[in-house]
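Participant: For reference, the sequence and a predicted model appear below.
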Amino acid sequence: MTLDIVAGAALVVGGTFMGETAEPGQSSWTGLPNDFEQKGLAITMASVGVIALASAVYGYDVANRCEQINSNLAREQAQRDAMIAQRNKAWTLTQQAADAARAGDCEKVLALDGQVRATDAEFHTVVFRRDAAIVRCLTAQR
């Protein structure tokens, strides 16, 4: 992270100083006046530095947002996993209650009624309280 920013800043600073220290004369490479060539190079270096800095800042912003999204997804997945575990426990208890109800053990059904309600209230309402054998037991116990 910091290496990209330092490199971009170095190009900007180097290009700025290079443009300030141009010596008069003619370049043997391009045939242009030496100060013109050096200032052109300085402008190019400074421009590349600014682009590198902007790119680094943008890249780190995007990476940070990705980390936040991944963190949120992991938290949501953990919540879903916990809900599924509760639902599976409520289902297992409901099956035990249904077996007990069919066997005539209504006291066990009554005990499991509270456990299922405490584990998953929605499942208790939608599934547990609609099983005919369980409802017979609960009605007989009250």
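Facilitator: Alright, I've got the coordinates.
Participant: Going by C-alpha atoms from here, please, whenever you check contacts or count neighbours.
Facilitator: Will do.
Participant: how about the nearest residue to G104, chain neighbours excluded?
Facilitator: Distance criterion Cα to Cα, 6 or more residues apart in numbering; nearest residue to G104, sequence neighbours excluded, is C137 at 7.8 Å.
Participant: lowest average confidence, helix or strand, in the protein?
Facilitator: Using mean pLDDT, DSSP states H and E, helix 2-20 stands out as the lowest-scoring helix or strand of the chain, at a mean of 55.
Participant: which strands and helices sit next to the helix or strand just after that one?
Facilitator: The helix or strand immediately downstream of helix 2-20 is helix 34-103, counting by DSSP states H and E. Packing contacts for helix 34-103, counted by 3 or more Cα pairs under 8 Å, 6 or more residues apart in numbering; DSSP states H and E, involve helix 2-20, helix 106-119, helix 121-126, helix 132-141.
Participant: Low-confidence stretches in the chain?
Facilitator: Counting by pLDDT under 70, the chain has low-confidence residues at 1-42, 141-142.
Participant: Try it again at 50.
Facilitator: 18-22, 26-32 (pLDDT under 50).
Participant: show me the contacts for the residue nearest to G104.
Facilitator: Neighbour list for C137: A101, G104, C106, V109, L110 [criterion: Cα atoms under 8 Å, 6 or more residues apart in numbering].
Participant: export the residues you listed to CSV and tack on distance to Q79?
Facilitator: Rendered in CSV, the data for the contacts of C137 read as follows (distance: Cα to Cα, whole Å):
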residue, distance to Q79
A101, 32
G104, 37
C106, 34
V109, 29
L110, 29
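Participant: Dump those residues into JSON lines; add distance to S47 and neighbour count as well.
Facilitator: Formatted as JSON lines, those follow (distance: Cα to Cα, whole Å; neighbours: other Cα atoms under 10 Å):
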{"residue": "A101", "distance to S47": "80", "neighbour count": "23"}
{"residue": "G104", "distance to S47": "85", "neighbour count": "15"}
{"residue": "C106", "distance to S47": "82", "neighbour count": "23"}
{"residue": "V109", "distance to S47": "77", "neighbour count": "26"}
{"residue": "L110", "distance to S47": "77", "neighbour count": "18"}
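Participant: Before I go, just wanted to say thanks for your time.
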